[in-house]
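Undergrad: here's a sequence, model it:
(chains A and B)
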Amino acid sequence: MRFINSQPSNKIAEVIEASTAQFAAQCYELYELPPLGSLVKTGDIYGIVAGATTSSLEPGRRPIARGKDEASEEAVYESSPQLSKLLRSEFEAVVVGHKDGDTLRQYLPPQPARIHGFVYLCQPDEVKEFSQSFGFLNILTSAALPVPTEELIAAALRQMSRAHEDSRAFLVAAGKELANLLSSDFIRLKNILGRLQ
Amino acid sequence: MSDRLGIVTVASLEKGVDVRLDSPVSVEDMVVGRYVTIEGQKRRFFGMITDVSLGVTDPRLAVSPPDIADPFIAEVLTGTSTFGTIHVTPMLTIGGDAAALLEGPQPVKTIPGHFSAVNLASERDMELVFGKEDPQRFNIGNPLDMELKLCLNLVEFVKRSNGIFGKSGTGKTFLTRILLIGMLQKSKAVNLIFDMHNEYGWQGTSEGGPPVKALKQLFPASVAVCTLDEENSRRRGVSTDFVVKIGYDEIEPEDIAILRSTLNLTDLAVEATHQLKRRFGKSWIQKTLDIQDSEEVKQLLEETKIHESTLSSLMRGLGTIRRLPFIEPHAPVDAVKNILDHLDRGMNVVLEFGRYRDITAYVLVANMLARRIYSQYQSRTEKAMAEGSAAPNPLVITIEEAHKFLNPEVASQTIFGTIAREMRKYNVSLLVIDQRPSGIESEVMSQMGTKITCLLDNERDIDSVLAGVSGKSELKSVLARLAPKQQALIFGHAVPMPVAFQPREYGSAQSYKDFISAGPSEQAEKDVEELWE
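TA: Residues are numbered from 1 along each chain as shown, chains lettered A, B, ... in the order given. Purely as a prediction, here's the structure:
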């Protein structure tokens, strides 16, 4: 919730890898990750956060355990201040739409995101506008994701429902759309619906 | 009322149209027999709901049902993964252009396109199909679940022989009374009713209610009641117009032939009646029964080559007829002439049987009178055709227990079989009332113009009523689900499409008033005043 309420100018990350369907971004602050399923944008491109990792800056070097003699977790970071520079938080986002002039399009943009593009967390108004239609659900159901699709769809809808006054009505409408999309796969539908509340 | 129900998903002219219901529409509101309209691109279709079912998009849904205790899940799944479907049998279509609109509804020859919208038929739609109450159309009730007057074109109705069927106690008699009133008011036909149970003339019974007024009480000016049993009629307070007596000399061998099974006669005995007629002439029954001593019997047997046992079987049968109290050696007045005179004056004639309700009396009298009236009609119509003069009033003969006259064994011998087959060539048609339609010869059934049927539950009866109707299996499901009382299905010549309906009310003071005021004449108003003075 902290991220949703932050100012529009508050950029939270920067694109470090981009393809047509996905992009990866590194957060400016360690652990300051947007929640799973939240709507982010870079340039005109909208994405949904589909997974995050925090790892060592150097791929080959794994962090070592340091807290044996420390009283708390915070103390570990306090006694080794370099840690926040050696570790980094990254997230991946699935591209779910873009802005074509003033129009929102819930399909893939013609160009991928730009590297070093700033990534912003979308504000409730923008989330509400974006979730007026459910075209993005189709992209999510068929995307190759680092987390299970059911988890991501449910998380995204939960996040979006908070931007709506009548969140239950929003979830029912989205559920019906999903029921149509997954008409031949009831088990998947059931798993998603079970995670919506 | 024009609520959208859903969209067409599958359709075939042969098998009908499947409609997927929209999610807010509850399957439980859909009942078979209701009318819907389908808005095709170029034309509108009228159809009847003939089946209702539930569907799932994924069979696994049925195997491991979701937790519908959770209202959220239930709401999401309703109308999406789980949905209702109705099966609609298209019956009529109206084209979109002006010419087609003038032409009116036509039988269906094609099907609506994919995803055409389906609506509940509105009252305007139904009126477009069945018409409004007018000088030819008579309100017979309202379609099931609709507040609308269903009108039957009685001028068309009386052009063919018609049938009213239904199990005992389903409201056939009430329905018949309504139709008789309709014919009396809206068509030029006159009715001759063989009233076995004294239900149509003066007053009728209603199950668990007070007696209801019948034709003569409502329309004294245009109905005559005659009776076979004067004493009984007087006791019931019926004002009868004349008494019918039958003379032995009026009974023909053909009349005995149709009584074969009721009198338990052998084929040979029936054959013998012709020989006796040849030998004795007109009063053959009297003379046969008069033979007493064995010499005469012996002589008769030798002359006619009739076997002794055959003769005794025949004598026994003729004895049964002789015991009928309304049979006299010679009738004082010619009943047929009397009835014909009334019919010629445009009067409807109800013949009450009084206490003589046994089937022998009914079959004998009905067949005899009808045969002679029919032959009069035949010669008059032929004369009218030759001379170019006016033909006699169209005549509708109403018979009950019709399977006794029209079963395959005797249908070829009785006059009713002939009337049903030759139809209205001679301006005579039948109104057949029966509870075992399967007992009626299929050829006769197929010639009936309009059939009205209350609930039937015997498979063979249902099959015989619906034989030859398009969409038979669908109508079957409608017919089998009619309420046991006061619901009926009408289909055939006089209606543009089959419709299940609830016959209009009969028996309350208001209903009598409505019936009488539906008539066109000033006489009707006078009748109303008299009735309520």
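Undergrad: and the closest residue to B:Val428 other than its chain neighbours, bridged to which residues?
TA: Once its chain neighbours are removed from consideration, B:Val428 has its nearest residue in B:Leu395; the separation is 4.7 Å (C-beta to C-beta, 6 or more residues apart in numbering or on different chains). Heads up, the C-betas are built off the backbone N, CA and C, glycines and all. B:Leu395 forms beta bridges with B:Val190, B:Val428, as assigned by DSSP bridges.
Undergrad: longest single helix anywhere in chain A?
TA: Ordering each helix of chain A by length in residues (DSSP state H) puts helix A:167-181 first.
Undergrad: any buried residues in the strand or helix carrying B:Phe46, and which?
TA: Under the criterion DSSP states H and E, the helix or strand holding B:Phe46 is strand B:43-56. Under the neighbour-count criterion of 16 or more other C-beta atoms under 10 Å in any protein chain shown, strand B:43-56 has B:Arg43, B:Arg44, B:Phe45, B:Phe46, B:Gly47, B:Met48, B:Ile49, B:Thr50, B:Asp51, B:Val52, B:Gly55, B:Val56 buried.
Undergrad: do the same with stretch B:143-157
TA: Residues of stretch B:143-157 classed as buried: B:143-144, B:146, B:148-157 (neighbour count, 16+ other C-beta under 10 Å).
Undergrad: can I get these in TSV with secondary structure, distance to chain A and pLDDT?
TA: Shown next, in TSV, are these (DSSP: H, G, I helix; E, B strand; the rest coil; distance: C-beta to the nearest C-beta, whole Å; pLDDT from 0 to 100):
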residue	secondary structure	distance to chain A	pLDDT
B:Pro143	strand	34	85
B:Leu144	coil	33	81
B:Met146	coil	32	78
B:Leu148	coil	35	81
B:Lys149	coil	41	83
B:Leu150	strand	39	85
B:Cys151	strand	43	85
B:Leu152	strand	45	86
B:Asn153	strand	47	85
B:Leu154	helix	51	84
B:Val155	helix	53	83
B:Glu156	helix	49	83
B:Phe157	helix	50	85
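Undergrad: residues touching residue 172, list them.
TA: In the absence of a named chain, this looks at chain A. B:Phe72, B:Glu75, B:Val76 (C-beta atoms under 8 Å, 6 or more residues apart in numbering or on different chains).
Undergrad: try chain B instead
TA: With contact taken as C-beta under 8 Å, 6+ apart, B:Lys172 is in contact with B:Ile164, B:Phe165, B:Gly166, B:Ile433, B:Gln435, B:Cys454.
Undergrad: does the residue nearest to B:Val428 really touch B:Val190, like I thought?
TA: Yes. Between B:Leu395 and B:Val190 a contact is recorded at 5.7 Å, counting by C-beta atoms under 8 Å.
Undergrad: poorly predicted segments of the chain, please.
TA: In the absence of a named chain, this looks at chain A. Counting by pLDDT under 70, chain A contains low-confidence residues at A:1-9.
Undergrad: my question was about chain B
TA: Counting by pLDDT under 70, chain B contains low-confidence ranges at B:1-2, B:292, B:423-424, B:518-533.
Undergrad: care to break it down by domain?
TA: Annotated domains of chain B cover B:4-130, B:155-245+B:333-513, B:248-322 [automatic domain parsing].
Undergrad: right, so of the ones you listed, which gets closest to A:Ala169?
TA: Closest to A:Ala169 of these, according to C-beta to C-beta: domain B:4-130, at 9.7 Å.
Undergrad: measure how far the lengthiest helix in chain B is from the centre of its chain, please.
TA: Ranked by number of residues, the top helix in chain B under DSSP H is helix B:359-387. A distance of 20 Å separates the C-alpha centroid of helix B:359-387 from that of its chain, computed with C-alpha atoms, centre = their mean, to the nearest Å.
Undergrad: do the same with stretch A:54-72
TA: With C-alpha atoms, centre = their mean as the basis, the distance from the averaged C-alpha position of stretch A:54-72 to the chain average is 25 Å.
Undergrad: let's see it as CSV, backbone CA atoms only.
TA: C-alpha atoms of stretch A:54-72 as CSV (Å, rounded to 0.1, in the frame of the first residue of the first chain):
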residue,chain,number,x,y,z
THR,A,54,16.9,-10.1,-4.2
SER,A,55,20.4,-11.4,-4.9
SER,A,56,24.1,-10.6,-4.8
LEU,A,57,25.3,-7.9,-7.2
GLU,A,58,27.8,-10.4,-8.7
PRO,A,59,26.0,-13.4,-10.1
GLY,A,60,28.8,-15.9,-9.1
ARG,A,61,29.1,-14.6,-5.5
ARG,A,62,26.6,-15.8,-3.0
PRO,A,63,26.2,-13.9,0.2
ILE,A,64,27.4,-15.7,3.3
ALA,A,65,25.7,-16.0,6.7
ARG,A,66,26.7,-13.2,9.0
GLY,A,67,24.3,-13.1,11.9
LYS,A,68,25.6,-15.7,14.2
ASP,A,69,26.7,-13.3,16.9
GLU,A,70,24.2,-10.6,16.2
ALA,A,71,21.1,-10.0,18.3
SER,A,72,18.7,-9.2,15.5
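Undergrad: just give me the neighbour total for B:Thr310.
TA: As a burial measure, B:Thr310 scores 19 neighbours (other C-beta atoms under 10 Å in any protein chain shown).
Undergrad: residue boundaries of the strands in chain A?
TA: When assigned using DSSP state E, the strands of chain A occupy the ranges A:11-18, A:22-27, A:39-42, A:45-56, A:87-100, A:103-105, A:118-121.
Undergrad: residues of the stretch 351-500 of chain B that sit close to chain A?
TA: Taking C-beta under 8 Å from any C-beta of the partner chain as the criterion, the stretch 351-500 of chain B does not approach chain A at any residue.
Undergrad: secondary structure class for the closest residue to B:Thr9 other than its chain neighbours?
TA: With sequence-adjacent residues excluded and distances taken as C-beta to C-beta, 6+ apart, B:Thr9 is closest to B:Arg20, at 4.8 Å. For B:Arg20, the secondary structure call by DSSP: H, G, I helix; E, B strand; the rest coil comes out as strand.
Undergrad: quickly list what B:Arg20 is bridged to.
TA: With DSSP bridges applied, B:Arg20 shows beta-bridge pairing to B:Ile7, B:Thr85.
Undergrad: next up, the contacts around it.
TA: If a contact means C-beta under 8 Å, 6+ apart, then B:Arg20 has B:Gly6, B:Ile7, B:Thr9, B:Gly55, B:Phe83, B:Gly84, B:Thr85 as its contacts.
Undergrad: around chain B, pick out the residues from chain A.
TA: When proximity is defined by C-beta under 8 Å from any C-beta, chain A lies next to chain B at A:168, A:171-172, A:175-176, A:178-180, A:183-187, A:189-190, A:193-194, A:196-197.
Undergrad: alright, that wraps it up for me.
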